[in-house]
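S.K.: turn this into a structure:
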Amino acid sequence: MFQDKIIVKGAREHNLKNIDIEIPRNSFTVITGLSGSGKSSLAFDTIYAEGQRRYIECLSAYARQFLDMLEKPDVDLIEGLSPAISIEQKVTSGNPRSTVGTVTEIYDYLRLLYARLGVINCYNCGSPVQKQNPGQILEKIAREFAGKKILIFAPVIRGRKGHYRELFEDTAKDGFLKVRIDGELKEIEKGLQLDRYKIHNIDIMIDRFVIKEEVGERLQASVDVALNYGNGVMMVNDGKIDHLFSRHLSCPSCGIGYQDLAPNSFSFNSNFGACPDCDGLGEKKEFDLKLIIPDWNKSINEEGIAALGKPRSIYIFNQLETISKKFGFTFDTPLKDLSPEARGIVLKGSKEKYEFFYSYGGKKEVAYKHRFSGVLGYLQNYFNSTSSAKIREWVESYMNIGKCNSCNGGRLKKESLAVLFGGKNISEVTALSIKDCRDFFFDTKLLDEMRLLQVQSSKKLNQDLNSF
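M.R.: Next up is the predicted model:
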């Protein structure tokens with residue numbers, strides 16, 4: 001059982017002069033004093049530092065590499081401590097991803113918990129994920145990519161910093177010619193190295209060919225090599241997206257492969273874990289049609305498309321003029337009278353290419369044939385490419401912030417949100433109130449089993465020590 005107070009003896013950190021103090025537990029204690037009297041040295045650099053240090057020391061060496069380790073404070077004795085958290089004084093963060101959990105570092109421990117004890121389920125069908133043997137992988141590739149040109153990759157680096165010069169040299173010695181670095185395919189040249197301070201993803205290109213019956217042996221050899229270099233994980237690119245295959249984890253029903261879990265799989269500040277659609281924010285800015293076209297009774301000439309304003313000599317109105325002729329309306333036609341097809345083209349653009357005419361500086365008109373991006377595409381292009389704060393503010397005035405549809409506000413990739421502990425994913429746990437979160441972990445039987453194992457291990461250690 002813990003003591004009912006925290007005992008500190010001989011604290012000498014920074015400007016503390018051999019301080020002895022007792023602080024009652026389960027109470028709210030305020031430390032006051034003059035500036036420079038040692039309040040922060042006692043609270044943060046002594047009590048908090050020792051509480052965090054002891055907790056992190058009990059974790060495995062692998063787990064400790066993901067957490068910051070504080071130095072042992074200059075103190076004779078501290079008793080009655082629990083794992084500690086702190087929110088520093090005068091800390092402000094402009095990061096929109098910051099939460100109470102990340103600022104207090106509680107979320108770091110949650111990420112570690114889910115990476116080690118989380119149960120992986122298929123994000124597509126909900127079935128528990130199982131291991132897949134090379135034969136099953138080979139059969140699935142031959143069936144799903146028949147007649148298609150594929151590239152086979154072995155992932156070797158995921159979400160880590162470094163220059164990796166030695167890796168490229170060793171890869172070239174093994175006979176491989178190309179690697180994919182952060183999504184870009186490159187030849188392995190002498191002296192190739194990366195920015196050591198940036199996070200990188202590196203895949204070795206194992207082979208490239210069209211799936212046919214006569215390449216069966218070559219496919220089998222390539223799969224074996226890819227699984228060997230990728231530590232049981234490989235990827236097949238069909239020219240559009242990567243398909244992950246793993247002899248460690250895959251869904252028996254859907255055949256979808258999954259990578260082994262790591263703490264950064266649950267980090268919305270990392271590309272390895274963040275939802276790709278909202279970049280880990282959990283929300284997206286989307287155009288609101290009611291703001292762009294507030295009155296459908298108006299025509300284009302009457303500034304019915306509020307985001308564009310009055311027609312003038314700019315390329316978007318030149319394009320709209322061509323579209324109006326194609327679909328039988330004019331700039332004086334009320335927008336409500338446009339046909340559904342014309343309305344869709346005006347707003348969302350076209351897949352078909354049209355011939356548009358432009359004149360520059362009063363010169364002769366020039367014809368170009370290309371697709372029409374639509375009013376929404378026109379605004380989106382400004383939003384994505386502009387460096388002007390004023391233009392971005394103008395575009396944002398026609399947008400609303402809504403929950404990301406891909407992650408449903410969970411901030412993480414669908415693979416990470418499919419990992420459950422106690423029947424909840426990490427986003428559902430962090431959405432709980434502090435009281436409900438406490439009850440959730442106290443009610444989770446798995447943690448009770450862990451506590452029992454810890455007690456039994458502690459008893460055995462004491463018995464072994466007493467036997468000497």
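S.K.: switch to C-alpha atoms for all contacts and neighbour counts from now on
M.R.: Noted.
S.K.: and N384, how many neighbours?
M.R.: The local packing of N384 (other Cα atoms under 10 Å) involves 9 other residues.
S.K.: is it located within a helix, as I assumed?
M.R.: Yes. Going by DSSP: H, G, I helix; E, B strand; the rest coil, the assignment for N384 places it inside a helix.
S.K.: relative to G159, how far out is the residue nearest to the spatial centre of the chain?
M.R.: Nearest to the mean C-alpha position of the chain, counting by Cα atoms, centre = their mean, stands A274 at 1.1 Å. A274 sits 12 Å away from G159, going by Cα to Cα, to the nearest Å.
S.K.: same check on I21?
M.R.: The value you get for I21 to G159, if Cα to Cα is used, is 45 Å.
S.K.: where in the chain is pLDDT low?
M.R.: 1-2, 88-95, 252-253, 255, 359-364, 444-468 (pLDDT under 70).
S.K.: let me see the domain layout of it.
M.R.: Domain assignment for the chain, taken from automatic domain parsing, gives 1-91, 121-260, 287-401.
S.K.: those: which one's closest to F442?
M.R.: Across those, the minimum distance to F442, taken as Cα to Cα, is reached by domain 1-91, at 16.5 Å.
S.K.: now the residue nearest to the centre of the chain, which residues is it bridged with?
M.R.: Listed by DSSP bridges, the beta-bridge partners for A274 are L412.
S.K.: more neighbours: which of I21 and G159?
M.R.: For I21 versus G159, the count of surrounding residues by other Cα under 10 Å is larger for G159: 16 against 13.
S.K.: these two touch, right, A367 and T322?
M.R.: No. Using Cα atoms under 8 Å, A367 is not in contact with T322, being 11.4 Å away.
S.K.: overlap in contacts of these two?
M.R.: Taking Cα atoms under 8 Å, 6 or more residues apart in numbering as the contact rule, the neighbours common to A367 and T322 are 355-356.
S.K.: between the two, which one's more packed in?
M.R.: Shown here are A367 and T322; by other Cα under 10 Å, T322 has more neighbours (16 against 12).
S.K.: list the contacts for that one?
M.R.: Residues counted as contacts of T322 (Cα under 8 Å, 6+ apart) are 355-356.
S.K.: assign it to helix, strand or coil.
M.R.: Following three-state DSSP, T322 is assigned to helix.
S.K.: now do D295
M.R.: Applying three-state DSSP: D295 is coil.
S.K.: that one and P334, how far apart?
M.R.: As judged by Cα to Cα, D295 and P334 stand 9 Å apart.
S.K.: so what sits against both of those two?
M.R.: Listed as contacting both D295 and P334 by Cα under 8 Å, 6+ apart are G304.
S.K.: distance from the chain centre to the helix or strand that contains D436, please.
M.R.: Here D436, judged by DSSP states H and E, is contained in helix 434-443. Remark: helix 434-443 is offset 26 Å from the chain centroid, using Cα atoms, centre = their mean, to the nearest Å.
S.K.: same check on stretch 56-75?
M.R.: The mean C-alpha position of stretch 56-75 is separated from the chain mean by 25 Å, Cα atoms, centre = their mean.
S.K.: and if you look at stretch 337-354?
M.R.: 35 Å.
S.K.: what lies in contact with that stretch?
M.R.: Residues contacting stretch 337-354 (Cα under 8 Å, 6+ apart): 320, 323, 327, 329, 335, 369-377.
S.K.: show me where the stretch 351-468 of the chain has helices.
M.R.: 374-385, 389-396, 414-417, 426-430, 434-443, 445-467 (DSSP state H, counting those that start in this stretch).
S.K.: what's the answer for the stretch 1-150 of the chain, then?
M.R.: Using DSSP H, counting those that start in this stretch, the helices of the stretch 1-150 of the chain run over 39-42, 49-57, 61-64, 100-103, 106-117, 134-144.
S.K.: closest one to F266 among the ones you listed?
M.R.: Using Cα to Cα as the measure, helix 106-117 is the one of those that comes nearest F266, at 5.7 Å.
S.K.: so what's V179 up against?
M.R.: 185-188, 202-205.
S.K.: oh, that last question was meant for P294, not what I typed.
M.R.: P294 is in contact with 304-306, counting by Cα under 8 Å, 6+ apart.
S.K.: tell me which element D260 falls in.
M.R.: Per DSSP H and E: D260 is located in neither a helix nor a strand.
S.K.: got a list of what it touches?
M.R.: Taking Cα under 8 Å, 6+ apart as the contact definition, D260 lies against 248-249.
S.K.: so P334 makes contact with N297?
M.R.: Yes. Judged on Cα under 8 Å, P334 makes contact with N297 at a distance of 5.3 Å.
S.K.: between the two, who's got more neighbours?
M.R.: Set side by side, P334 and N297 give different neighbour counts by other Cα under 10 Å, the larger being at P334 (18 against 13).
S.K.: what about the residue lying closest to that one once chain neighbours are set aside, is that helix, strand or coil?
M.R.: Excluding the flanking residues, the one nearest P334 by Cα to Cα, 6 or more residues apart in numbering is S299, at 4.2 Å. Recorded secondary structure, S299: coil (three-state DSSP).
S.K.: buried set for the strand or helix carrying K290?
M.R.: Secondary structure assigned from DSSP H and E places K290 in helix 289-292. Of all the residues in helix 289-292, those buried under the rule 16 or more other Cα atoms under 10 Å are I292.
S.K.: now do stretch 204-224: distance to the chain's middle.
M.R.: Its chain's average C-alpha position is 32 Å from that of stretch 204-224, according to Cα atoms, centre = their mean.
S.K.: please read the previous query as pertaining to stretch 365-372.
M.R.: Shown here is stretch 365-372, whose average C-alpha point lies 39 Å from the average C-alpha point of the whole chain (Cα atoms, centre = their mean).
S.K.: same question for stretch 27-41.
M.R.: Chain-centre distance of stretch 27-41: 39 Å, with Cα atoms, centre = their mean.
S.K.: pull the number of nearby residues for E184.
M.R.: For E184, the tally of surrounding residues (other Cα under 10 Å) stands at 10.
S.K.: pairing partners for it in the sheet, please.
M.R.: For E184, the beta-bridge partners under DSSP bridges are I181.
S.K.: out of the contacts of V179, which are buried?
M.R.: Taking 16+ other Cα under 10 Å as the criterion, what is buried in the contacts of V179 is 188, 202-205.
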